[in-house]
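>>> Got a predicted model here, sequence first, then my questions.
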Amino acid sequence: MRFKSLPVPPAFAMARLIAGILLLSSLIPAEALACACGCSVFDVGSSALLPKEGDHGGAVYFEWDQSNQNQNWSGVHSAPAANNGDKHIQTDWYVAGLNYMFNRDWGVMVRIPTANRAFTTDTDFGGPPAIETFHVSPLGDIEITGMYTGFSSDMSKGIIFGLKLPTGNYTAPGFDRDTQIGSGSTDLILGGFWRGMITGDNAWQYFAQTKLLQPLLTHSAYDSDVGGPADYRPGMQIDTAIGVTYNNWYNVGPFDKIAPLLQVIVSHRQPDSGAAADPTDSGFDRIFISPGIDFTKVIDDPHNNTFKLYGDIEIPVYQRANGNQLVAPFLSKIVAAYTF
């Protein structure tokens, strides 16, 4: 595999692409989705699995994401735990994925998540404390998206579009709709990516990614507070990452290349709506600083077979939560991928 330099796209053009995607998201009605913990933030950051110049075929990967929501947050500050009936949400996401390029212009991406979640809550909040912990380990919401990379010969920019399907469990006992693994909605996915050189020797590169999830259809489920079927519409979420990678560290130990990076990830989620929702205590804005590192080992250069290992940690530097919500002190992600 040859690590090629990328041409420098004009800075104003990158800003225009990102601004266009953000503008598109603002024109879509303000009712929608993602998981209540804001887990779609794991889907942006790093350019490890994005197509590179000359790529063909595909990549299979396994991803492990972890979130330990153990702090109550209100507005822009931590708040007493007594103000929130939910006490703790521990989630491990396990994602099997496939990216495949049919040619230099068109590709497809499939993400199949499963999860292991423990949810601790006061089932009689406002009365005598009744703390219980519930567990669920189901299939999550599968995502199927197309990818177009024909804007430039080096495949350095592209758009994604597709659907998130309501395959995840949204009726697990003991869980509120906003803490279920599945959203119960079919969502439109829109996004884009861009990468390029900062220095002419290809040592420093930049990248940007953004992803919007907006539901098109929702499903009602029985709600004990309502005493019957109730609608739930999770809030629209958009996540954007902008980062810098050092791309000139070759032949380190058993790896052909190691690429450290630093990125800023911004997330916005609108409040949930519907009879089964809690609009007062949902919706947020978050900014993360995220250092990461990408390892590459060439297995078979002529056939483009490589092994990649990527990891990062996402540390919040700003959080604004409506009402009272559980937040995590940090998020973590590890991805192992094989290209073919």
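Now that the structure is in, tell me what you want to look at. Numbering: from 1, shown residues only.

>>> buried stuff in stretch 318-338?
Neighbour-count burial for stretch 318-338, counted by 16 or more other C-beta atoms under 10 Å, picks out 319, 321-328, 331-333, 335, 337. Heads up, the C-betas are built off the backbone N, CA and C, glycines and all.

>>> which secondary structure elements does the lengthiest strand in the chain contact?
Under DSSP state E, the strand in the chain containing the largest number of residues is strand 305-327. Here strand 305-327 is seen to pack against strand 57-69, strand 71-75, strand 86-101, strand 255-269, strand 284-300, strand 331-339 when contacts are counted using 3 or more C-beta pairs under 8 Å, 6 or more residues apart in numbering; DSSP states H and E.

>>> starting at the chain centroid, how far to that strand?
Its chain's C-alpha centre lies 9 Å from the corresponding centre of strand 305-327 when counted by C-alpha atoms, centre = their mean, to the nearest Å.

>>> Also stretch 261-274?
The chain centroid and the centroid of stretch 261-274 are separated by 9 Å under C-alpha atoms, centre = their mean.

>>> okay, that stretch in CSV with CA atoms only?
Once non-C-alpha atoms are left out, stretch 261-274 reads as follows in CSV (Å, rounded to 0.1, in the frame of the first residue of the first chain):
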residue,chain,number,x,y,z
LEU,A,261,-4.5,12.9,16.0
LEU,A,262,-6.3,15.6,17.9
GLN,A,263,-9.9,16.5,17.2
VAL,A,264,-12.8,18.7,18.5
ILE,A,265,-16.3,17.0,18.4
VAL,A,266,-19.4,19.1,18.7
SER,A,267,-22.9,17.5,19.4
HIS,A,268,-26.3,19.1,19.4
ARG,A,269,-29.5,17.3,20.2
GLN,A,270,-33.0,18.8,20.3
PRO,A,271,-35.5,17.8,23.1
ASP,A,272,-37.6,14.7,22.7
SER,A,273,-41.3,15.0,22.1
GLY,A,274,-44.4,12.8,22.3
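
>>> What's the mean pLDDT across it?
Computed over stretch 261-274, the mean pLDDT rounds to 96.

>>> List the buried residues of that stretch.
So for stretch 261-274, counting by 16+ other C-beta under 10 Å, buried means L261, Q263, I265, V266, S267, H268, R269, Q270, P271, D272, S273, G274.

>>> repeat for stretch 290-298
Across stretch 290-298, burial judged by 16+ other C-beta under 10 Å covers S290, G292, I293, D294, F295, T296, K297, V298.

>>> same question, stretch 133-140
Residues of stretch 133-140 classed as buried under the neighbour-count rule (16+ other C-beta under 10 Å) are V136, P138, G140.

>>> Can you get me the start-to-end distance on that stretch?
20 Å (C-alpha to C-alpha, to the nearest Å).

>>> same thing with stretch 69-86?
End-to-end distance of stretch 69-86 (C-alpha to C-alpha): 10 Å.

>>> Show me the contact partners of that stretch.
Contacting residues not belonging to stretch 69-86 are listed as 37, 87-91, 119-122, 125-126, 179, 281, 318-321, 323-329 [C-beta atoms under 8 Å, 6 or more residues apart in numbering].

>>> hang on, the earlier thing: and of the buried residues of stretch 261-274, the nearest to G168?
Taking C-beta to C-beta as the measure, G168 lies nearest D272 of these, at 16.0 Å.

>>> got a list of what the closest one touches?
Shown in contact with D272 (C-beta under 8 Å, 6+ apart): A36, R177, D178, Y232, R233, P234, G235, D278, P279, S282, G283.

>>> So which of those residues wins on neighbours?
With neighbours defined as other C-beta atoms under 10 Å, the most crowded of the contacts of D272 is P234; it has 30 neighbours.

>>> wait, that residue sits on Q180?
No - P234 lies out of contact with Q180 (C-beta atoms under 8 Å); the separation is 9.7 Å.

>>> my guess is Q263 meets Q209, correct?
No - using C-beta under 8 Å, Q263 is not in contact with Q209; the gap is 9.1 Å.

>>> Quickly list what K211 is bridged to.
The residues listed as beta-bridge partners of K211 by DSSP bridges are G191, D239.
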